[in-house]
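Visitor: sequence below, structure please.
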Amino acid sequence: MTKSEVSYKHLLDSLNTAVVVADANLRVWHMNPAAEALLTVSGERVEGVNLATVVHESEAALKDLQLALANDHQFTRRRAEWTTGHGSHLTVDYSVTPLANPRGLLIEIQPLDRLLRISREEALLSAQDTSRNLVRGMAHEIKNPLGGIRGAAQLLARELEEGELKEYTQVIIEEADRLRNLVDRMLGPRTPPNLQPINIHQILERVCVLVNAESAGAVTITRDYDPSIPDLPGDAEQLLQATLNIVRNAMQALMENKVEHGVICLRSRIQRQFTIGRVHHPLVCRIDIVDNGPGIPTGLIEDIFYPMISGRAEGTGLGLAISQQLINQHNGLIECESRPGQTQFTIYIPMEQPDAKH
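Guide: Okay, the predicted model is just below:
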């Protein structure tokens with residue numbers, strides 16, 4: 001390697017922007033540390049490897065690279081979907097600049113996944129906050145007349161003798177109570193979490209016991225835990241409720257759709273340097289709840305965390321909304337991805353909380 005090539009590589013290595021340099025045969029000549037981190041690959045290992053093996057977009061994109069090399073044509077592509085050699089998916093902007101000496105291409109890469117996640121999460125949190133405010137306003141307007149109806153029914157019951165008419169007043173009272181309870185559930189938890197150091201795997205095991213009992217063993221639950229995860233600050237009851245709502249939904253979807261060999265997998269991992277909304281967290285506990293059911297209809301996937309939205313005929317549409325609110329109170333977030341044959345809910349809980357007791 002010449003002295004100029006060494007200096008060239010040192011210059012690229014000092015950049016925060018991910019850069020890949022390909023030779024005239026579109027083989028990797030150099031990859032700076034930022035690109036190694038983005039593509040989760042060692043630059044030394046892929047040196048001389050065909051670029052399409054390291055990262056793939058499409059045949060048309062490969063032809064564009066070849067044309068850029070042949071015609072000395074620079075171009076930029078927005079929101080490209082890349083698949084790495086490890087099978088992971090990236091959304092990126094990238095610019096391609098032909099090089100004369102040595103002949104090749106310099107590819108500058110800007111990852112968009114994090115920015116898209118932040119934008120999506122902010123929209124989700126904002127919409128849920130708006131939804132909660134709307135529900136609170138509706139709840140106030142509903143509960144006031146309900147109280148009047150219930151009180152009037154009680155007064156009427158006192159004036160009536162025992163018989164069929166008095167039974168009707170009891171029906172009014174019971175239905176008013178049922179509606180009031182429904183409104184209270186729509187409002188969700190109103191007490192802040194009592195943060196104490198907890199073992200998240202004890203929570204998950206409790207969920208397994210409850211769901212196994214409910215399903216009478218009709219659904220298989222598998223575990224994939226990271227035993228090195230330390231205790232995290234949380235409210236055990238709230239985290240149990242949030243997780244149970246999701247796992248119970250998965251169980252019901254498997255059983256109601258008569259899925260043969262229905263399986264729910266509970267997986268725990270540590271996520272490092274993770275952003276929720278615009279808040280950066282050094283460490284986050286990630287819990288994946290994965291089932292092999294029919295999946296969530298595409299028309300519902302964007303709205304499933306709103307109250308009264310359910311993909312099940314018998315569902316109330318409150319369980320996931322309550323779960324999201326409980327996790328939000330822990331400064332965390334729940335996300336969902338679904339396709340036929342696999343639905344995955346992911347819970348993110350920061351390992352540090354500002355009001356935690358030690």
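
Visitor: C-alpha only now, for contacts and for neighbours.
Guide: Noted.

Visitor: which strands or helices does the strand or helix carrying Ile246 pack on?
Guide: Under the criterion of DSSP states H and E, Ile246 resides in helix 236-256. Contact here means 3 or more C-alpha pairs under 8 Å, 6 or more residues apart in numbering; DSSP states H and E; on that basis helix 236-256 packs against helix 200-215, strand 263-276, strand 279-291, helix 319-328.

Visitor: apply 7 Å and report the result again.
Guide: Contacts defined by 3 or more C-alpha pairs under 7 Å, 6 or more residues apart in numbering; DSSP states H and E place helix 236-256 against helix 200-215, helix 319-328.

Visitor: flag the shaky bits of the protein, pLDDT-wise.
Guide: The model of the chain has pLDDT under 70 over residues 1-7, 113-140, 185-190, 301, 306-318, 355-358.

Visitor: what ranges does the stretch 101-250 of the chain have for its helices?
Guide: For the stretch 101-250 of the chain, the helices defined by DSSP state H, counting those that start in this stretch occupy 113-159, 164-187, 200-215, 236-256.

Visitor: and those helices as CSV, adding distance to Arg286?
Guide: Formatted as CSV, those follow (distance: least, C-alpha to C-alpha, whole Å):
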stretch, distance to Arg286
helix 113-159, 15
helix 164-187, 26
helix 200-215, 10
helix 236-256, 12
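
Visitor: just send those helices back as a markdown table, with mean neighbour count and distance to Asp303 too.
Guide: Listed next are the helices of the stretch 101-250 of the chain as a markdown table, based on neighbours: other C-alpha atoms under 10 Å; distance: least, C-alpha to C-alpha, whole Å:
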| stretch | mean neighbour count | distance to Asp303 |
| --- | --- | --- |
| helix 113-159 | 14 | 9 |
| helix 164-187 | 16 | 15 |
| helix 200-215 | 16 | 25 |
| helix 236-256 | 20 | 15 |
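
Visitor: out of those helices, the one nearest Leu320 is which?
Guide: With respect to Leu320, and counting by C-alpha to C-alpha, the nearest of the helices of the stretch 101-250 of the chain is helix 236-256 at 6.6 Å.

Visitor: angle of the closest one against strand 279-291?
Guide: 30 degrees (axes from the mean of the first three to the mean of the last three C-alpha atoms, to 10 degrees).

Visitor: how about residues contacting helix 236-256?
Guide: For helix 236-256, the external contacting residues (C-alpha atoms under 7 Å, 6 or more residues apart in numbering) are 198, 203, 207, 211, 219, 262, 289, 291, 293, 319-320, 323, 326.

Visitor: export those residues to TSV and tack on distance to Val46?
Guide: Output for those, formatted as TSV (distance: C-alpha to C-alpha, whole Å):
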residue	distance to Val46
Ile198	43
Ile203	43
Val207	44
Val211	46
Val219	44
Gly262	40
Ile289	34
Asp291	36
Gly293	39
Gly319	47
Leu320	44
Ser323	44
Leu326	45
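
Visitor: rewinding a little: between the helix holding Ile246 and helix 200-215, how big is the angle?
Guide: 40 degrees.

Visitor: now helix 236-256: how far from the chain's centre is it?
Guide: On the basis of C-alpha atoms, centre = their mean, to the nearest Å, helix 236-256 sits 16 Å off its chain's mean C-alpha point.

Visitor: go through the helices of the stretch 101-250 of the chain and name the closest to His280.
Guide: Nearest to His280 among those is helix 113-159; the distance by C-alpha to C-alpha comes to 10.7 Å.

Visitor: can you give me the domain boundaries for the chain?
Guide: 3-111, 116-187, 196-350 (automatic domain parsing).

Visitor: gap between the two ends of the longest one?
Guide: When you say that, I think you mean domain 196-350. Domain 196-350 has an end-to-end distance of 13 Å (criterion: C-alpha to C-alpha, to the nearest Å).

Visitor: and Ser319, how many residues sit next to it?
Guide: Slight slip there: residue 319 is Gly, not Ser. Applying other C-alpha atoms under 10 Å, we find 27 residues neighbouring Gly319.

Visitor: contacts only, for it.
Guide: Neighbour list for Gly319: Asn245 [criterion: C-alpha under 7 Å, 6+ apart].

Visitor: pull the contacting residues for the residue located most distally from the centre of the chain.
Guide: What lies farthest from the middle of the chain is Glu161; by C-alpha atoms, centre = their mean that is 57.5 Å. For Glu161, no contacting residues are found, by C-alpha under 7 Å, 6+ apart.

Visitor: got phi/psi on it?
Guide: phi -80, psi 170 (degrees, to the nearest 10).

Visitor: where's it relative to Gln154, distance?
Guide: 13 Å.

Visitor: and Asn101, by the same measure?
Guide: 92 Å.

Visitor: can you check Gly87 too?
Guide: 65 Å.

Visitor: Glu59 too?
Guide: Taking C-alpha to C-alpha, one finds Glu59 at 74 Å from Gln154.

Visitor: also Leu38?
Guide: The spacing between Leu38 and Gln154, counted by C-alpha to C-alpha, is 67 Å.

Visitor: just Gly48 next, same as before
Guide: Per C-alpha to C-alpha, Gly48 is found 84 Å from Gln154.

Visitor: follow-up on the earlier one: switch the helices and strands packed on helix 236-256 over to a markdown table; also include distance to Cys285.
Guide: Listed next are these as a markdown table, based on distance: least, C-alpha to C-alpha, whole Å:
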| stretch | distance to Cys285 |
| --- | --- |
| helix 200-215 | 9 |
| helix 319-328 | 12 |
